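Visitor: A predicted structure for the sequence below; I have some questions about it.
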There are 2 protein chains.
Amino acid sequence: MTIKHEKAIETLRLKGHRLTPQRLIVLSIIASGDGASGDGHMGVDEVFQAAKKAYPYMDIATVYRTLHLFKDLGVVTEVAIGDRLHFELTDPNGRHHHMVCRVCNGAFNLSPHYLAEFRDTLNKEFGFEPDLEHFAVSGVCAECQESSQEQQIQD
Amino acid sequence: MTIKHEKAIETLRLKGHRLTPQRLIVLSIIASGDGASGDGHMGVDEVFQAAKKAYPYMDIATVYRTLHLFKDLGVVTEVAIGDRLHFELTDPNGRHHHMVCRVCNGAFNLSPHYLAEFRDTLNKEFGFEPDLEHFAVSGVCAECQESSQEQQIQD
DNA sequence: TAAGTTTCCGCAAACGTTTGCAATAACTTT
DNA sequence: AAAGTTATTGCAAACGTTTGCGGAAACTTA
Ligand SMILES: [Mn+2]
Ligand SMILES: [Mn+2]
Ligand SMILES: [Zn+2]
Ligand SMILES: [Zn+2]
């Protein structure tokens, strides 16, 4: 049980939400970060399947509701990867955004400092306050650009 | 019939796609830009309802397939507004990104120049090539920030 | 610990969007 | 103009996600 994990439970209680077995199970699955991608981001179905092992009556609607609650509380971070939702436990000491590759669906962390100037500009020029907590930019990662170049040479 | 609209038809023909009535209808609806939002971006259902008036057998799957084809050809630009897809005819002389307000669902145009530096940084630091054609940043617009401030004062 | 209050859950149905499939229609060739 | 080729369509079913509802469980109070 990590400190992040304990703080998350404390946040739930402090904001007056009930500590149901379903919520604790989903939280510990996300906290384990033990998803197929290996980068700590877990797909909704991965969470659901793992949750059913711990508690067979678990419903997919409960998983979604729980993840959205955690997102609203800032306990988890949502990342859209290849048009499916993924989640990771928020690390207050390691906040980051994401670059998502549309070819391999890899998600790469991006330090907030790369967006600080962009945020300031939008603020000053337009009075627009961007939601950067769940910011992700999609594109093609370095590795996938290389492999598509090899492909072209072979043609 | 605008020049953008004619060029779009020419693009279809040149790339070997068939000029079906369904495609021409969807294209002219998007080209009209006559959506409820007033900013030229049209929701999928708006397109579908208008298309059914011109051609009653029109199917929603055809609308989606057509819009995605147009997107791949660069003829239309997709903007996700409040987690629904919207589309506008691409203007080669007025390319822009979008700021989308999560409160009022307004979509505000953003000149590419605001993202040029961000793109360069991702390229140089990570070899990541972002897809900026359909880039949209979500947040809260100036107007909605003001009204939520008034709200707080009243409380 | 028992009763009362209110949030939360499982279920089923709905949402917006995508997909497989067999029939049709756009284009090409003759 | 007719026949042949193949992309595109309408339909229905499926996808991932959200929502309404009535019963159940978490917490509060006594
Ligand atoms: Mn991450
Ligand atoms: Mn626009
Ligand atoms: Zn990649
Ligand atoms: Zn707004």
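Guide: Thanks, I have it. Ligands and ions are numbered 1, 2, ... in the order given.
Visitor: Tell me which stretches of chain A form helices.
Guide: Taking DSSP state H to define them, one finds helices in chain A at A:3-14, A:21-32, A:44-54, A:60-72, A:113-126, A:142-154.
Visitor: Counting by contacts, list what the second one packs against.
Guide: The contact analysis (3 or more CB pairs under 8 Å, 6 or more residues apart in numbering or on different chains; DSSP states H and E) places helix A:21-32 against helix A:3-14, helix A:44-54, helix A:60-72, strand A:84-89. (Each C-beta comes from the backbone N, C-alpha and C, glycine too.)
Visitor: For those, give me CSV that also has mean neighbour count and mean pLDDT.
Guide: CSV is the format used below for the helices and strands packed on helix A:21-32 (neighbours: other CB atoms under 10 Å in any protein chain shown; pLDDT from 0 to 100):
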stretch, mean neighbour count, mean pLDDT
helix A:3-14, 14, 94
helix A:44-54, 17, 96
helix A:60-72, 17, 97
strand A:84-89, 21, 92
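Visitor: can you redo these as CSV with distance to DNA strand D?
Guide: Formatted as CSV, the helices and strands packed on helix A:21-32 follow (distance: least, CB to the nearest atom of the strand, whole Å):
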stretch, distance to DNA strand D
helix A:3-14, 7
helix A:44-54, 4
helix A:60-72, 3
strand A:84-89, 4
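Visitor: between the ones you listed, which one is nearest to DNA strand C?
Guide: Nearest to DNA strand C among the helices and strands packed on helix A:21-32 is helix A:60-72 (3.1 Å), distances taken as CB to the nearest atom of the strand.
Visitor: The closest one and chain B, any residue contact?
Guide: No - residues of helix A:60-72 are not located near chain B by CB under 8 Å from any CB of the partner chain, the shortest gap being 12.5 Å.
Visitor: now that helix: how far from the chain's centre is it?
Guide: Relative to the centre of its chain, helix A:60-72 is centred 13 Å away, using CA atoms, centre = their mean, to the nearest Å.
Visitor: contact partners of that helix?
Guide: In this structure, residues lying in contact with helix A:60-72 by CB atoms under 8 Å, 6 or more residues apart in numbering or on different chains are A:8, A:17, A:22-23, A:26-27, A:30, A:44, A:47-48, A:51, A:76-78, A:85, A:87, A:134.
Visitor: if you set the cut-off to 7 Å instead, what comes out?
Guide: A:17, A:22-23, A:26, A:44, A:47-48, A:51, A:76, A:78, A:87 (CB atoms under 7 Å, 6 or more residues apart in numbering or on different chains).
Visitor: same deal with stretch A:3-15?
Guide: A:19, A:23, A:27-28, A:31, A:73, A:75, A:89, A:91.
Visitor: circling back: mind putting the helices of chain A into CSV with distance to ligand 3?
Guide: Below are those laid out as CSV (distance: least, CB to the ion, whole Å):
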stretch, distance to ligand 3
helix A:3-14, 28
helix A:21-32, 24
helix A:44-54, 20
helix A:60-72, 25
helix A:113-126, 19
helix A:142-154, 3
